[in-house]
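Enquirer: generate coordinates for the sequence data below:
(2 chains)
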Amino acid sequence: MSATQPTPGASHDERGTPVAKTVPDELASSTAPMPTKHTVRMRTNIPFQVVRFGIVNLKMLRMVLKSHN
Amino acid sequence: MARVVVLGAGISGHTAALHLRRMLDARHEVVVVSPKADWNWIPSNIWVGVGRMTGSQVTFPLAPVYAKKGIDFRQAKAVALHPEGDGDQTRGSVDVVYTLATRDGERERVEYDYLINATGPKLNFAATPGLGPDGHTLSVCTAEHAELTADAFAEVIRKLERGERQTLVIGVGHGTCTCEGAAFEYTFNVEHELRMRGLRERAEIIYLTNEYELGDFGVGGMSFKQNGFVTTSQLWTESLFKERGVKAISKAHVQKVEEGRLYYETLDGEEGTLDFDFAMLLPPFRGADLQAFDRHGDEITSDVFAPNGFLKVDANYTAKPFEEWRAEDWPRTYVTPKYPNLFGVGIAFAPPHPISRPRKSPKGTVISPAPPRTGMPSGLMGRQVARSIADMIQKGATTPTHTASMAEMGAACVASAGAGFRRGTAASMTMFPVVPDYAKFPGYGRSLRETTGEIGLAGHWIKHMLHLMFIYKAKGRPGWFLVPE
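Expert: Below you'll find the model as predicted:
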């Protein structure tokens, strides 16, 4: 089976339902930036992530303490 | 001697029960009524659903924990509430029906001095014909559902390994669903598992959501400071979808599901179908099926509960347009307006309105996320209500002494985007407050200093650490109360 989604004027399947051949990619027109190779690599770079682990935990701890008070 | 009854043993109810037992001396009783025998760390169910964990790694039996703590556990389902008592009996009570195998179906009336309704959600698969494990889609809402989903996902992997192409649809199964974050997590865990196995090219992954735009997560989206600019969770989330090649259909309401095919409509008025080989769609929630009666036996369910079955508490339920919503509308003490000894916490309380802007399709179908109230806010409500009740019992307070408004608390959220000690990633997010307060934080509704987000392996380590910490805490192991909610 393949994913289908209707578009105006699309053909109909055996059940009479309007269908198109592919799922339109809503994100094709998105202006969201793609990460660079460096950014993606750093997301799993262990020494860098050890540092981020400490920083993110501190941020979360600050949030938790603020909310508990 | 006072008796506090807690209905439900999820994150909110279990937290309240443990704190009450810790704070109240032994003369007072703490009773927990829950239809389920096990506690479940639900945030890790997504890892069960891809086969990374087993059901037993995310659950444990409640009875031994409660026996050790001196909490009276009744494995039963609450069915009727008598907040004014019944006839000559002026003490409030709740009728329960046992689900414990040895007492299955037995009905009992449990009297209380204080009641906390923490029944959580009823998984309303019936709202969409064909939705759910009894229909044609899968779920990760419970550990049992997640194990079934893992079996189906393993079958998808076998087909991909044989060279077949597969279409996987993951998201929400109704226009009013909440918990889009869990659907997001499961989407990217599936994508990660397939990529790690070298099977990604043969799989089409489609995220189907009721969010108006990606990154809404039922909280109206977020704004972050990043590299000297203010960016949005929409751009941030869309970036991840583009990078991982996951397609998205947003603003959608699933009308019905048949074997291998679902029908949906969108806010733009389009109607269509989507064929799938594998579909994990979360259901909408409603309150537990609890009826309420006054002391004369007349039904007062509609006075005590909102139409969606959630308990009305100290919120402002006046219907008003989005532009007039205020942070002050949200409840602070979670006590019901009419009964000072009846509280509702976690998913069981009725929110005054959504957080995301409500929208309808041209046909009048509501397609906008319900407000999330799980995880950290849920645990915090349970603890604060427990503290209020302890003060009312032991210090003679006549009104609740502690608050936990979602408009005054923040939340830390770690959304997994793939598991693995070296290759895993997760989005680590903090937001303050959960409910935007445009009077206090003009422009964005939240503190830009306290609202943050980043993706990386560190997030995966944190999510795994939270898994271990919260199961330790829920088991009531030494020092459990030092682990914050």
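
Enquirer: quick check: residues of the stretch 251-400 of chain B near chain A?
Expert: Proximity of the stretch 251-400 of chain B to chain A, by C-beta under 8 Å from any C-beta of the partner chain, involves residues B:260, B:263, B:270, B:271, B:272, B:273, B:274, B:275, B:276, B:277, B:376, B:380. Backbone N, C-alpha and C define where each C-beta goes, glycine included.

Enquirer: buried members of those into ChimeraX, please.
Expert: Selection command for ChimeraX covering only the buried members of these, criterion 16 or more other C-beta atoms under 10 Å in any protein chain shown:
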select /B:263,270,272,273,274,275,276,277,376,380
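
Enquirer: and the residues of the stretch 251-400 of chain B next to chain A, which is closest to residue A:31?
Expert: For these, the residue nearest residue A:31 by C-beta to C-beta is residue B:270; the value is 22.7 Å.

Enquirer: and residue 67, what element?
Expert: If you meant another chain, say so; for now it's chain A. helix A:46-68 (DSSP states H and E).

Enquirer: my bad, the chain I had in mind was chain B
Expert: Using DSSP H and E, the element containing residue B:67 is helix B:62-69.

Enquirer: pLDDT on that helix, on average?
Expert: For helix B:62-69, mean pLDDT is 98.

Enquirer: against which helices or strands is whatever helix or strand comes next after it packed?
Expert: Toward the C-terminus, helix B:62-69 is succeeded by strand B:72-74 as the next helix or strand (DSSP H and E). Contacting strand B:72-74 under the criterion 3 or more C-beta pairs under 8 Å, 6 or more residues apart in numbering or on different chains; DSSP states H and E are the following elements: strand B:29-33, helix B:62-69.

Enquirer: quick revisit: what packs against the helix holding residue A:67?
Expert: With contacts taken as 3+ C-beta pairs under 8 Å, 6+ apart, helix A:46-68 sits against helix B:375-394, strand B:411-416, strand B:426-431, strand B:452-456, helix B:457-474.

Enquirer: from these, which stretch is densest packed?
Expert: For those, the largest average neighbour count (mean count of other C-beta atoms under 10 Å in any protein chain shown) is found in strand B:426-431, namely a mean of 26.

Enquirer: which strands border it, and is each parallel or antiparallel?
Expert: Counting by DSSP bridges, the strands paired with strand B:426-431 are strand B:411-416 (antiparallel), strand B:452-456 (antiparallel).

Enquirer: the residue in the stretch 51-200 of chain B positioned nearest to chain A and residue B:471, how far apart?
Expert: Chain A sits closest to residue B:167 of the stretch 51-200 of chain B, with a gap of 4.5 Å, by C-beta to the nearest C-beta. Using C-beta to C-beta, to the nearest Å, residue B:167 is found at 35 Å from residue B:471.

Enquirer: could you do residue A:53 as well?
Expert: Taking C-beta to C-beta, one finds residue A:53 at 20 Å from residue B:471.

Enquirer: also residue A:64?
Expert: For residue A:64, the distance to residue B:471 - C-beta to C-beta - is 18 Å.

Enquirer: cool, and residue B:211?
Expert: In terms of C-beta to C-beta, residue B:211 sits 30 Å off from residue B:471.

Enquirer: ditto for residue B:202
Expert: For residue B:202, the distance to residue B:471 - C-beta to C-beta - is 36 Å.

Enquirer: check residue B:75 too.
Expert: From residue B:75 to residue B:471 the distance is 20 Å (C-beta to C-beta).

Enquirer: excluding chain neighbours, what is closest to the most centrally placed residue in chain B?
Expert: The residue lying closest to the centre of chain B (C-alpha atoms, centre = their mean) is residue B:374, at 4.0 Å. Once flanking residues are discounted, residue B:374 sits nearest to residue B:347: 6.6 Å by C-beta to C-beta, 6 or more residues apart in numbering or on different chains.

Enquirer: what about stretch B:36-50, near chain A?
Expert: No: between stretch B:36-50 and chain A, judged by C-beta under 8 Å from any C-beta, nothing touches; the nearest distance is 14.3 Å.

Enquirer: need the distance between the two termini of that stretch.
Expert: Start and end residues of stretch B:36-50 are separated by 24 Å (C-alpha to C-alpha, to the nearest Å).

Enquirer: return the residues in contact with residue B:305.
Expert: B:287, B:290, B:292, B:311, B:312, B:350 (C-beta atoms under 8 Å, 6 or more residues apart in numbering or on different chains).

Enquirer: and the helices and strands packed on helix A:46-68 as JSON lines, adding distance to residue B:23 and mean pLDDT?
Expert: JSON lines is the format used below for the helices and strands packed on helix A:46-68 (distance: least, C-beta to C-beta, whole Å; pLDDT from 0 to 100):
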{"stretch": "helix B:375-394", "distance to residue B:23": "4", "mean pLDDT": "96"}
{"stretch": "strand B:411-416", "distance to residue B:23": "24", "mean pLDDT": "93"}
{"stretch": "strand B:426-431", "distance to residue B:23": "29", "mean pLDDT": "94"}
{"stretch": "strand B:452-456", "distance to residue B:23": "33", "mean pLDDT": "94"}
{"stretch": "helix B:457-474", "distance to residue B:23": "16", "mean pLDDT": "97"}
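
Enquirer: with distance to residue B:215 added, can I get those in JSON lines?
Expert: As requested, the helices and strands packed on helix A:46-68 are exported to JSON lines (distance: least, C-beta to C-beta, whole Å):
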{"stretch": "helix B:375-394", "distance to residue B:215": "18"}
{"stretch": "strand B:411-416", "distance to residue B:215": "11"}
{"stretch": "strand B:426-431", "distance to residue B:215": "10"}
{"stretch": "strand B:452-456", "distance to residue B:215": "10"}
{"stretch": "helix B:457-474", "distance to residue B:215": "16"}
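
Enquirer: out of those, the one nearest residue B:87 is which?
Expert: helix B:375-394 (25.8 Å).

Enquirer: just want the angle from that closest one to strand B:411-416.
Expert: 140 degrees (axes from the mean of the first three to the mean of the last three C-alpha atoms, to 10 degrees).

Enquirer: quick check on whichever residue of the stretch 251-400 of chain B sits closest to chain A: phi, psi?
Expert: Among the residues of the stretch 251-400 of chain B, residue B:272 lies nearest to chain A; the distance is 3.5 Å by C-beta to the nearest C-beta. Phi and psi for residue B:272, reported as degrees, to the nearest 10, are phi -170, psi -170.

Enquirer: can you pull up the bridge partners for it?
Expert: With DSSP bridges as the rule, residue B:272 is bridged to residue B:264.

Enquirer: likewise for residue B:293?
Expert: Applying DSSP bridges, one finds that residue B:293 bridges with residue B:299.

Enquirer: could you check how far it is from residue B:84?
Expert: Counting by C-beta to C-beta, the gap from residue B:293 to residue B:84 is 8 Å.

Enquirer: got the domain ranges for chain B?
Expert: B:3-36+B:75-121+B:287-394, B:125-284+B:410-482 (automatic domain parsing).

Enquirer: quick check: residue B:22 touching residue B:481?
Expert: Yes: counting by C-beta atoms under 8 Å, residue B:22 touches residue B:481, with 6.0 Å between them.

Enquirer: stretch B:21-30 near chain A at all?
Expert: No: Stretch B:21-30 lies apart from chain A when judged by C-beta under 8 Å from any C-beta; the minimum separation is 15.6 Å.

Enquirer: give me the contacts around that stretch.
Expert: B:1-4, B:6, B:17, B:20, B:69-72, B:386-387, B:390, B:393-394, B:481.

Enquirer: if we use 7 Å, what do you get?
Expert: Stretch B:21-30 is contacted from outside by B:1-4, B:17, B:20, B:69-72, B:386, B:390, B:393, B:481, using C-beta atoms under 7 Å, 6 or more residues apart in numbering or on different chains.

Enquirer: out of these, who has the most neighbours?
Expert: residue B:17 (31 neighbours; other C-beta atoms under 10 Å in any protein chain shown).
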